[in-house]
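K.L.:
take a look and give me a structure for this.
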Amino acid sequence: MTSRPEPGSAEWDSYLAEGNAKQARKRVAADVLFRDGSGRLLLVKPTYKKAWDLPGGMAEANESPHDAARRELDEELGLTAPLLGVLCVDWVSPHGPWDDQLAFIFDGGTLTAQQCSHLYPRDHELSACEFFEPTQAMSKLRSRIRSRTSQALEALQDRVPRYLENGHSFVTGTNSPDSTVR
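P.N.:
Numbers count the residues shown, from 1 in each chain. Below is the predicted model of the structure:
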C-alpha cells in the first residue's frame, strides 16, 4: 500500500494535478439582466444566432462568471456597470454537439438615461442592442433563454436567487426539476 504524499510537497502538487487533469470541465455562460428607467429589458442581437439574447457571453479558461460578464459587457457594448448579484444559475444538460454548462444571470440593475444613450454594438459579434417591454423581450428569446430569463425576473421580484436545471426551478430534497416551484 502506497502512502499519500504530504500536503504542500511537490509530490502532493503532482498528485492534485493528476486528479485535476481527469476531472470534468464545464462551460460557463454569464449574462446580465439590465433595465432602463421604464422597466424595459436590454437585449442584444448576436451576428451568429437568429434570436436575440441577453448581454453577456462565455467565460474564458479560469475566468470567474462575474469577470466574464463584465468583460463581455465592456467588449461588446462598452458598458461598465456594477453587477448587483446572481439572479439564477442554470445547469444546462448536453445538447447537440455541446457538453453541459452552467449559465449565470446577474442583476445589472437599472441603467441611467445617459448610459442607455451610449449603448451600441462595439464589436463584430453584435449587430444590434435594444430595450424591449418584458413581454416583447421574452418573445424574442430562444426557449431555453426565455425560461431562464423568466426565472431571473421572478428572482428579481422576490429577491430569491434560483437554481435551475434546463431552465426549471429545482426542488431541494428531490431528484427532479419542477417548473412550478418558485
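K.L.:
tally of neighbours for the closest residue to E133 other than its chain neighbours?
P.N.:
Nearest non-adjacent residue to E133, counting by Cβ to Cβ, 6 or more residues apart in numbering: R40, 5.6 Å away. To be clear about C-beta, it is placed using only N, CA and C from the backbone, and glycine gets the same treatment. Look at R40: counted by other Cβ atoms under 10 Å, it has 17 neighbours.
K.L.:
what's near enough to touch R40?
P.N.:
By Cβ atoms under 8 Å, 6 or more residues apart in numbering, the contact list for R40 reads F131, F132, E133, P134, A137.
K.L.:
mind showing which ranges of the protein have poor pLDDT?
P.N.:
Across the chain, the ranges flagged by pLDDT under 70 are 1-2, 19-23, 171-182.
K.L.:
can you give me the strands for it?
P.N.:
Here the chain has its strands, by DSSP state E, at 27-35, 41-46, 56-58, 86-92, 101-110, 126-132, 162-165, 168-169.
K.L.:
closest one to Y120 among these?
P.N.:
Nearest of those to Y120, taken as Cβ to Cβ: strand 126-132 at 6.6 Å.
K.L.:
and the closest one, what does it pack onto?
P.N.:
Counting by 3 or more Cβ pairs under 8 Å, 6 or more residues apart in numbering; DSSP states H and E, the packing neighbours recorded for strand 126-132 are strand 41-46, helix 65-77.
K.L.:
for the first one, buried residues please.
P.N.:
Across strand 41-46, burial judged by 16 or more other Cβ atoms under 10 Å covers L41, L42, L43, V44, K45, P46.
K.L.:
coming back round to it: in JSON lines: the contacts of R40, plus distance to F170.
P.N.:
Putting the contacts of R40 into JSON lines (distance: Cβ to Cβ, whole Å) gives the following:
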{"residue": "F131", "distance to F170": "31"}
{"residue": "F132", "distance to F170": "28"}
{"residue": "E133", "distance to F170": "29"}
{"residue": "P134", "distance to F170": "24"}
{"residue": "A137", "distance to F170": "24"}
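K.L.:
those residues: which two are farthest apart?
P.N.:
F131 and P134 (10.3 Å).
K.L.:
neighbour count winner among the two?
P.N.:
F131 (19 against 14).
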